[in-house]
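Participant: What follows is a protein structure lacking sequence information:
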Ligand SMILES: CC(C)(COP(=O)([O-])OP(=O)([O-])OC[C@H]1O[C@@H](n2cnc3c(N)ncnc32)[C@H](O)[C@@H]1OP(=O)([O-])[O-])[C@@H](O)C(=O)NCCC(=O)NCCSC(=O)C[C@@](C)(O)CC(=O)[O-]
Ligand SMILES: NC(=O)C1=CN([C@@H]2O[C@H](COP(=O)(O)OP(=O)(O)OC[C@H]3O[C@@H](n4cnc5c(N)ncnc54)[C@H](OP(=O)(O)O)[C@@H]3O)[C@@H](O)[C@H]2O)C=CC1
């Protein structure tokens with residue numbers, strides 16, 4: 001590991017310039033190679049501190065690549081422990097087979113819980129999963145003169161000829177993306193236009209932002225409406241919002257499984273009817289009373305841990321976790337359980353999916369990069385994540401039905 005004393009004279013001078021403020025952190029990238037820039041920023045941070053960074057300099061991420069598309073002013077990397085919930089059987093349209101689930105977390109008991117849920121699902125023949133919608137949204141906002149112009153604008157946007165011209169304009173900016181749908185929301189003289197795109201294997205937020213920007217130029221030229229903002233918050237990106245839960249955003253995915261009563265008793269140590277009761281009073285009534293958008297126990301745990309492991313944008317845990325968990329008694333007293341995830345923003349190309357450790361996890365699931373046909377890899381990933389959420393819900397509701405939650409965390413989490 002290079003220390004500050006090992007630096008060449010030229011680099012020492014550059015470091016002094018950074019420390020004195022003559023050269024700003026981000027200017028370093030154009031004054032030396034990216035790896036040196038990362039190191040000099042770290043040395044500059046250490047200057048005047050009574051400690052050295054012992055950990056953040058240890059990483060295998062390709063600095064050139066990461067500095068180009070993932071991070072500015074890079075100084076190192078944070079490590080999060082990665083665990084595996086093993087052998088989850090998935091009966092999907094894109095994911096068919098048994099998968100090892102990568103979970104990046106610091107919460108003790110989480111991997112154990114999902115592991116237990118996976119074993120219960122797999123012993124029951126696997127989880128069924130289907131994707132009901134797959135469109136990423138961007139919704140600019142316009143200010144019109146008055147409601148008469150708002151109506152003219154809304155009508156114009158919904159004219160089929162205008163829609164085809166907007167589609168053609170969007171397609172000039174991307175090889176894979178496709179504008180599919182336009183929805184208009186009027187509030188007085190304010191008009192929000194929610195554009196929905198098929199983004200294939202990309203999560204798509206850069207793609208749809210660039211495409212929508214091009215569509216805005218067509219709107220300006222042909223209708224004369226000028227946007228107040230390219231994003232008007234009805235997208236809705238990275239904020240809790242009912243619109244995503246109702247209309248969907250990214251992938252809308254539903255998974256379910258029926259667990260034999262005997263297996264519930266053996267593996268989850270409680271009765272199906274107790275789990276149904278906990279789910280009703282906790283996930284449904286409790287969430288309703290709390291005004292929650294998520295009617296589930298801990299979808300966010302699995303979404304966050306898999307997003308981190310697989311190079312997804314962690315801020316999308318917000319919409320990803322607005323899931324609804326249902327449980328009911330099936331014939332013969334078995335347990336039926338489902339999870340509905342209306343808004344999973346995920347991809348297998350672009351964003352953080354190219355980084356080394358994240359690529360390892362995507363390869364483990366057989367979804368790295370572009371699918372054949374395009375779109376099939378990101379759909380496969382969505383199906384696997386939804387089934388892992390189902391596993392997490394089963395195990396945690398089981399633990400709460402059995403009265404084991406506190407004990408589990410006392411044993412595994414502290
Ligand atoms: C912890 C368990 C699984 C014990 O569950 P158990 O049934 O008492 O343990 P067991 O020793 O009989 O093992 C059963 C199975 O669990 C798994 N398992 C068991 N131990 C391990 C381990 N060390 N490493 C990996 N896997 C483990 C494993 O699959 C094992 O089967 P085996 O392979 O032995 O045949 C269970 O009590 C449980 O799931 N508890 C719930 C814990 C949980 O879900 N925590 C998530 C975080 S909670 C939170 O953040 C949100 C919250 C709670 O605030 C939300 C809310 O409001 O509800
Ligand atoms: N701009 C914004 O407002 C926001 C950006 N983000 C960030 O956006 C990034 C993700 O954006 P995203 O657009 O997904 O990724 P990228 O910007 O990394 O672009 C991915 C590109 O990969 C190309 N591509 C290659 N193969 C495929 C394939 N099989 N399917 C689809 N595309 C393919 C496409 O190129 P082509 O288009 O030429 O076809 C696509 O645009 C993340 O880093 C996230 O953090 C997050 C939220 C908001």
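Facilitator: Happy to help now that I have it. Quantities reported herein were computed from a predicted structural model and do not represent experimental measurements. Ligands and ions are numbered 1, 2, ... in the order given.
Participant: Show me what from this protein comes close to ligand 1.
Facilitator: Residues of the chain lying close to ligand 1 (C-beta under 6 Å from any ligand atom) are 107, 109-113, 115-116, 119, 269, 297-298, 301, 395-396, 399, 404-405, 408, 412. To be clear about C-beta, it is placed using only N, CA and C from the backbone, and glycine gets the same treatment.
Participant: Can you list phi and psi of the nearest residue to residue 366 once chain neighbours are set aside for me?
Facilitator: Take residue 366 and drop its neighbours on the chain: the residue closest to it by C-beta to C-beta, 6 or more residues apart in numbering is residue 380, 7.3 Å away. Note on residue 380: backbone dihedrals following degrees, to the nearest 10 are phi -60, psi -40.
Participant: Could you pull up the contacting residues of residue 380?
Facilitator: Contact analysis of residue 380 by C-beta atoms under 8 Å, 6 or more residues apart in numbering lists 92, 94-95, 365-367, 371.
Participant: how about 7 Å then?
Facilitator: 94-95, 367 (C-beta atoms under 7 Å, 6 or more residues apart in numbering).
Participant: Pull up the residues of the stretch 151-300 of the chain that are close to ligand 2.
Facilitator: Taking C-beta under 6 Å from any ligand atom as the contact definition, the stretch 151-300 of the chain meets ligand 2 at 174-177, 199-207, 209, 237.
Participant: Quick check: the farthest pair among these?
Facilitator: Across those, the two members that end up farthest from each other (C-beta to C-beta) are 175 and 237, 22.9 Å apart.
Participant: who's more crowded, the two?
Facilitator: Here residue 175 and residue 237 are compared on neighbour count by other C-beta atoms under 10 Å; more neighbours surround residue 237, at 24 against 8.
Participant: Assign that one to helix, strand or coil.
Facilitator: Assigned by DSSP: H, G, I helix; E, B strand; the rest coil, the conformation of residue 237 is coil.
Participant: Same question for residue 87.
Facilitator: Applying three-state DSSP to residue 87 yields a three-state assignment of strand.
Participant: Report the separation between residue 355 and residue 25.
Facilitator: Taken as C-beta to C-beta, to the nearest Å, the spacing of residue 355 relative to residue 25 amounts to 21 Å.
Participant: neighbouring contacts of the helix or strand containing residue 304?
Facilitator: Taking DSSP states H and E as the definition, residue 304 sits inside helix 299-309. Surrounding helix 299-309, the residues in contact under the criterion C-beta under 7 Å, 6+ apart are 80, 82, 102-105, 107, 110, 114, 314, 316-317, 320-321, 323, 339, 341, 358, 361, 385, 388-389, 392.
Participant: most centrally placed residue in the chain?
Facilitator: With distances taken as C-alpha atoms, centre = their mean, the residue of the chain nearest its centroid is residue 316 (4.1 Å).
Participant: Can you tell me the closest non-neighbouring residue to that one?
Facilitator: Going by C-beta to C-beta, 6+ apart, residue 316 has residue 345 as its nearest residue, at 4.0 Å.
Participant: in terms of contact, does that neighbour touch residue 317 like I think?
Facilitator: No. The pair formed by residue 345 and residue 317 falls short of the contact definition of C-beta atoms under 7 Å, at 9.5 Å.
Participant: For these two, indicate the residue with more neighbours.
Facilitator: Using other C-beta under 10 Å, the more surrounded residue of residue 345 and residue 317 is residue 345, with 27 against 21.
Participant: and that one, what is it in contact with?
Facilitator: 136, 203, 249-250, 313, 316, 319-320.
Participant: Report how many residues lie close to residue 84.
Facilitator: Tallying neighbours of residue 84 according to other C-beta under 10 Å, which is how burial is gauged here, yields 16.
Participant: now it: how far from ligand 2?
Facilitator: 25 Å (C-beta to the nearest ligand atom, to the nearest Å).
Participant: So what touches the helix or strand harbouring that residue?
Facilitator: Under the criterion of DSSP H and E, residue 84 resides in strand 82-91. Under the contact criterion C-beta under 7 Å, 6+ apart, strand 82-91 has outside partners 96-104, 111, 114-115, 118, 121-122, 126-129, 309, 383-384, 387-388, 391.
Participant: Which pLDDT does the model give the nearest residue to residue 379 once chain neighbours are set aside?
Facilitator: What sits nearest to residue 379 in space, not counting adjacent residues and going by C-beta to C-beta, 6+ apart, is residue 94, at 4.3 Å. Residue 94 is assigned a predicted lDDT (pLDDT) of 98.
Participant: Now for residue 94: which residues touch it?
Facilitator: The contact partners of residue 94, by C-beta under 7 Å, 6+ apart, come to 376, 379-380, 383.
Participant: which residue ranges form the helices in the stretch 151-300 of the chain?
Facilitator: Using DSSP state H, counting those that start in this stretch, the helices found in the stretch 151-300 of the chain span residues 160-171, 205-222, 242-247, 261-263, 272-278, 287-290, 299-309.
Participant: Residue 144: which of these is closest?
Facilitator: The closest of the helices of the stretch 151-300 of the chain to residue 144 is helix 205-222. By C-beta to C-beta, the value is 11.8 Å.
Participant: chain center to that closest one, what's the gap?
Facilitator: If you compare the mean C-alpha spot of helix 205-222 with that of the full chain, they lie 24 Å apart, counting by C-alpha atoms, centre = their mean, to the nearest Å.
Participant: Would you mind getting the angle between it and helix 160-171?
Facilitator: Here helix 205-222 runs at an angle of 130 degrees relative to helix 160-171 (axes from the mean of the first three to the mean of the last three C-alpha atoms, to 10 degrees).
Participant: name the helices or strands packed onto helix 205-222?
Facilitator: Secondary-structure packing of helix 205-222 (3 or more C-beta pairs under 7 Å, 6 or more residues apart in numbering; DSSP states H and E): strand 127-138, helix 160-171, strand 190-198.
Participant: Fine by me, we can end here.
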